[in-house]
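Asks: task: produce atomic coordinates for the following.
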Amino acid sequence: MRWTAPLALYAALLGPSLGACDPSAVPGDGVTPARLDDTAVAPNPYADDPYALADSTVVLVSLDGFRWDYLDRAETPTLDRLIAEGAHAAALVPAFPTKTFPNHYTLATGLWPENHGIVDNSFYAPDLHETFDMFDSRDNQDPRWWGGEPIWITAERQGVTAGTMFWVGSEVQWTHGISATYQVPYDGSIPFIERVERVLYWLDQPTDAPRLVTLYFNEPDHSGHSYGPDHAYVTDAIEQVDAVLAELVAGLEARGRLDTTDLVVVSDHGMTALSDERLIVVDDHLDLDRVWVHSWGPWMSIWPMEDSETDAIVAGLQGLPHTLCAARADLPPELHFSVGRRVAPVHCIADVGWTLTSADWGAGSFRGTHGYRPSDADMQGLFVARGPHLQPGARLPATDNVHVYSLLARLLEIRPAANDGELAPFGAALRPR
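Replies: Purely as a prediction, here's the structure:
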């Protein structure tokens with residue numbers, strides 16, 4: 001059942017509602033992407049650029065929960081080949097919170113979560129007086145939740161055909177009616193190889209084949225949660241996704257498309273091990289009857305019942321061990337999580353590997369998780385890319401994932417919507433003009 005907050009509960013705390021957000025506006029207090037007319041299709045700004053490769057394709061692949069150092073603990077010949085023939089970042093640094101939905105949508109839009117509005121896998125939105133649930137198909141289709149402009153919409157607006165074989169935000173039914181030409185709603189039961197085959201089928205179309213494709217695999221995240229990142233089953237999952245990437249590469253090669261395809265492989269976050277001996281019980285520091293806590297585990301987002309109690313709640317939490325607790329405005333600037341009405345007023349972030357819990361909730365069932373600070377190495381993910389626009393052998397330092405949208409727009413030779421990222425961090429990976 002959808003949980004709906006009583007309006008009076010938040011009136012004093014939140015002030016006037018922002019109202020429904022439209023897909024070209026951000027439901028927070030930060031960046032607002034440039035607005036295009038609802039029916040406009042902009043010309044390709046690089047059409048006469050001799051650097052442009054009009055027949056090139058971009059395939060963006062997500063390996064959920066693939067930590068940056070997993071390459072060192074499993075046999076990954078496909079990823080090793082892509083690294084040798086292309087570009088590799090030391091790590092892809094996720095946005096906070098280091099969760100699946102916020103980070104996939106940051107990759108797609110180039111906006112920090114505080115600005116695109118997807119601030120957790122599930123969260124309360126005071127501008128809508130409703131709670132978002134990642135498993136609710138209605139929320140995944142409802143444009144009121146989703147700010148910014150994802151790369152497949154940017155592409156389609158400029159006459160570039162796109163296909164989404166799963167990606168967070170790809171099912172939104174935008175009010176302007178523009179969507180990816182090819183689209184499959186998320187269905188985790190579809191085998192990995194069938195996902196690859198569907199993408200290759202799209203690319204085989206004699207007319208209107210996509211020049212942008214997104215492709216998503218939910219491993220090794222699933223195994224990491226179930227067994228912990230150090231388990232042999234995670235090693236198996238790493239090798240499984242490398243094998244399915246091999247099928248994709250082989251399919252592109254068989255079609256003569258590999259060398260005209262910019263293949264970009266990313267992950268949304270990493271994973272760390274949990275222990276029943278690293279529990280932080282908050283009951284002695286926080287009166288749970290005075291607040292609504294939406295997130296538990298690595299991070300707590302806390303909504304005080306009364307605005308006047310916020311300072312006292314923050315003060316009471318200062319004695320919590322292995323934890324940073326602060327009001328929204330006082331969170332470290334590098335988290336980019338201090339504006340936007342969907343960001344809760346109070347937050348506690350545990351040290352990596354520790355779990356914030358209550359006496360009633362206990363340890364939980366996960367053996368591994370994510371959601372901690374992006375600066376924690378265990379939270380950082382993967383970036384590998386190979387293709388005609390990319391410099392073989394390019395090596396990059398750890399790079400924020402907010403910049404990936406700008407890279408994708410450059411690889412597609414389209415004009416990006418306004419966003420929080422920039423192309424410069426990937427400059428050394430691009431072939432010189």
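Asks: for residue 59, which three-state class applies?
Replies: Under DSSP: H, G, I helix; E, B strand; the rest coil, the three-state class of residue 59 is strand.
Asks: correct me, but it touches residue 258?
Replies: No - with contacts defined as C-beta atoms under 8 Å, residue 59 does not count as touching residue 258, sitting 10.2 Å away. For the C-beta atoms, the positions are set from N, CA and C on the backbone; glycine is no exception.
Asks: what residue ranges in this structure score low on pLDDT?
Replies: Scanning the chain for pLDDT under 70 picks out 1-54, 362-363, 433.
Asks: remind me, longest helix of it?
Replies: Looking only at the chain and at elements set by DSSP state H, the helix with the highest residue count is helix 232-254.
Asks: who's in contact with the next helix or strand after that helix?
Replies: For helix 232-254, the following helix or strand on the C-terminal side (DSSP states H and E) is strand 261-266. Defining contact as C-beta atoms under 8 Å, 6 or more residues apart in numbering, one finds that strand 261-266 is touched by 56-63, 79, 82, 86, 92, 107, 245, 248-249, 252, 381-390, 401, 404, 407-408, 411.
Asks: and if you look at stretch 222-231?
Replies: Judged by C-beta under 8 Å, 6+ apart, the contacts made with stretch 222-231 from elsewhere in the structure are 64-65, 67, 233-234, 236-237, 270-274, 366-369, 378.
Asks: do a quick rundown of the helices in the stretch 1-150 of the chain.
Replies: Using DSSP state H, counting those that start in this stretch, the helices of the stretch 1-150 of the chain run over 7-14, 77-85, 100-109, 113-116, 137-141.
Asks: out of those, which gets nearest to residue 203?
Replies: With C-beta to C-beta, the closest approach to residue 203 among the helices of the stretch 1-150 of the chain belongs to helix 77-85: 18.0 Å.
Asks: what are the buried residues along the closest one?
Replies: Within helix 77-85, the residues that qualify as buried are 78-79, 81-83, 85, counting by 16 or more other C-beta atoms under 10 Å.
Asks: same deal with stretch 351-362?
Replies: The neighbour-count check on stretch 351-362 (16+ other C-beta under 10 Å) flags 352-358, 361 as buried.
Asks: export that stretch as PDB, just CAs?
Replies: Taking only C-alpha atoms (Å, rounded to 0.1, in the frame of the first residue of the first chain), the coordinates of stretch 351-362 have been written out as PDB:
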ATOM      1  CA  ASP A 351      31.100   4.300   9.000                       C
ATOM      2  CA  VAL A 352      31.500   1.800   6.200                       C
ATOM      3  CA  GLY A 353      30.500  -1.700   7.300                       C
ATOM      4  CA  TRP A 354      28.400  -0.500  10.300                       C
ATOM      5  CA  THR A 355      24.600  -0.800  10.400                       C
ATOM      6  CA  LEU A 356      22.300   1.800  11.900                       C
ATOM      7  CA  THR A 357      19.400  -0.100  13.500                       C
ATOM      8  CA  SER A 358      16.900  -0.100  16.300                       C
ATOM      9  CA  ALA A 359      16.100  -2.600  19.000                       C
ATOM     10  CA  ASP A 360      13.000  -3.700  17.100                       C
ATOM     11  CA  TRP A 361      14.600  -3.900  13.700                       C
ATOM     12  CA  GLY A 362      17.800  -5.800  14.600                       C
END
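Asks: now do it: distance to the chain's middle.
Replies: Once both centres are worked out by C-alpha atoms, centre = their mean, to the nearest Å, stretch 351-362 turns out to sit 24 Å from its chain's centre.
Asks: kindly report the same for stretch 409-417.
Replies: Going by C-alpha atoms, centre = their mean, the spacing between the C-alpha centre of stretch 409-417 and its chain's C-alpha centre is 19 Å.
Asks: sorry, back to before: quick one: buried ones out of the contacts of strand 261-266?
Replies: Restricting the contacts of strand 261-266 to buried positions leaves 56-63, 79, 82, 86, 92, 107, 245, 248-249, 252, 381-387, 389-390, 401, 404, 407-408, 411, with burial counted as 16+ other C-beta under 10 Å.
Asks: the domain parsing of this protein - what is it?
Replies: In terms of domains, the chain is parsed into 19-273+375-429, 279-365 (source: automatic domain parsing).
Asks: could you identify which of these is most buried?
Replies: When the domains of the chain are scored by mean count of other C-beta atoms under 10 Å, the highest mean neighbour count falls to domain 19-273+375-429 (a mean of 20).
Asks: from what I can see residue 215 touches residue 199, true?
Replies: Yes - taking contacts as C-beta under 8 Å, residue 215 lies within contact range of residue 199: 5.7 Å.
Asks: anything in contact with each of those two?
Replies: A shared contact of residue 215 and residue 199, defined by C-beta under 8 Å, 6+ apart, is any residue touching both; here these are 59, 165, 248.
Asks: which one of those sits closest to residue 417?
Replies: Proximity of these to residue 417 was ranked by C-beta to C-beta; the top entry is residue 59 with 20.9 Å.
Asks: nearest residue to residue 86 other than its sequence neighbours?
Replies: The shortest distance from residue 86 to any residue other than its chain neighbours is 2.9 Å, reached at residue 386 (C-beta to C-beta, 6 or more residues apart in numbering).
Asks: tell me the bridge partners for the one you found.
Replies: Counting by DSSP bridges, residue 386 forms beta bridges with residue 263.
Asks: just to revisit the earlier point, out of the shared contacts of residue 215 and residue 199, who's nearest residue 321?
Replies: Compare each of the shared contacts of residue 215 and residue 199 with residue 321 using C-beta to C-beta and the shortest gap goes to residue 165, at 44.1 Å.
Asks: ok, now which ones touch the nearest residue to that closest one once chain neighbours are set aside?
Replies: For residue 165, the nearest residue in space outside its immediate sequence neighbours is residue 215; the separation is 4.8 Å by C-beta to C-beta, 6+ apart. When contacts are counted by C-beta under 8 Å, 6+ apart, residue 215 is found next to 59-62, 165-166, 195-196, 199, 248.
Asks: how about residue 219?
Replies: With C-beta under 8 Å, 6+ apart, residue 219 has these contacts: 63-65, 192, 237-238, 240-241.
Asks: before we move on, what about residue 366?
Replies: In this structure, residue 366 makes contact with 225-226, 274, 297, judged by C-beta under 8 Å, 6+ apart.
Asks: and the residues you listed, which of them are in helices?
Replies: In helices, defined here by DSSP H, the members of these are 225-226.
Asks: most widely separated two among the contacts of residue 366?
Replies: Across the contacts of residue 366, the longest distance by C-beta to C-beta is 15.1 Å; it joins 226 and 297.
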